[in-house]
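> Give me a model of this one.
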Amino acid sequence: MTRELTVLSRQWCHLCHDLLAALAPLAAEMGLVVRVVDVDEHPELEEQWGELVPVVLGEGNELCHYHLDEHAIRAYGRGIG
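Reported below is the predicted structural model:
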């Protein structure tokens, strides 16, 4: 089963762009699918996550925000987190 990551992002957010760039090779290496959701298009997500974006979620659980936590992503990809 392929594991999926959801990245809560914003179009104008430089941290979001940086995190996605850092995540792409790691996700490819581990066979993870990355889905990007713009919180500005979803008021309920904007209300919940606000200024914490970018946020990386795995199965709805926060793995990291602002900056990529490679250890957390690897653990999730191995089925640990």
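
> CA only for contacts and neighbour counts going forward, please
Fine.

> Low-confidence ranges, this protein, go.
1, 81 (pLDDT under 70).

> Let's see that with 50 instead.
Across the chain, nothing is flagged by pLDDT under 50.

> That one: strands as residue ranges?
4-9, 33-38, 55-58, 61-65 (DSSP state E).

> would you turn those into CSV with distance to residue 78 and mean neighbour count?
Converted to CSV, the strands of the chain look like this (distance: least, Cα to Cα, whole Å; neighbours: other Cα atoms under 10 Å):
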stretch, distance to residue 78, mean neighbour count
strand 4-9, 12, 22
strand 33-38, 14, 16
strand 55-58, 12, 23
strand 61-65, 13, 18
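
> will you turn these into CSV that also has distance to residue 26?
Output for the strands of the chain, formatted as CSV (distance: least, Cα to Cα, whole Å):
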stretch, distance to residue 26
strand 4-9, 12
strand 33-38, 11
strand 55-58, 13
strand 61-65, 14
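
> do you know which of those strands lies nearest residue 79?
Closest to residue 79 of the strands of the chain, according to Cα to Cα: strand 55-58, at 10.3 Å.

> Please work out which residues outside that closest one touch it.
For strand 55-58, contacts defined as Cα atoms under 8 Å, 6 or more residues apart in numbering pick out 4, 5, 6, 7, 8, 9, 62, 63, 64, 65, 66, 76.

> Count the neighbours of residue 19 for me.
20 (other Cα atoms under 10 Å).

> residue contacts, it?
Counting by Cα under 8 Å, 6+ apart, residue 19 touches 54, 66, 67, 68.

> With residue 36 instead?
Applying Cα under 8 Å, 6+ apart to residue 36 gives the contacts 6, 7, 8, 9.

> quick one: which of the residues you listed is nearest to residue 34?
Distances from residue 34 to the contacts of residue 36, taken by Cα to Cα, are shortest for residue 6, at 5.9 Å.
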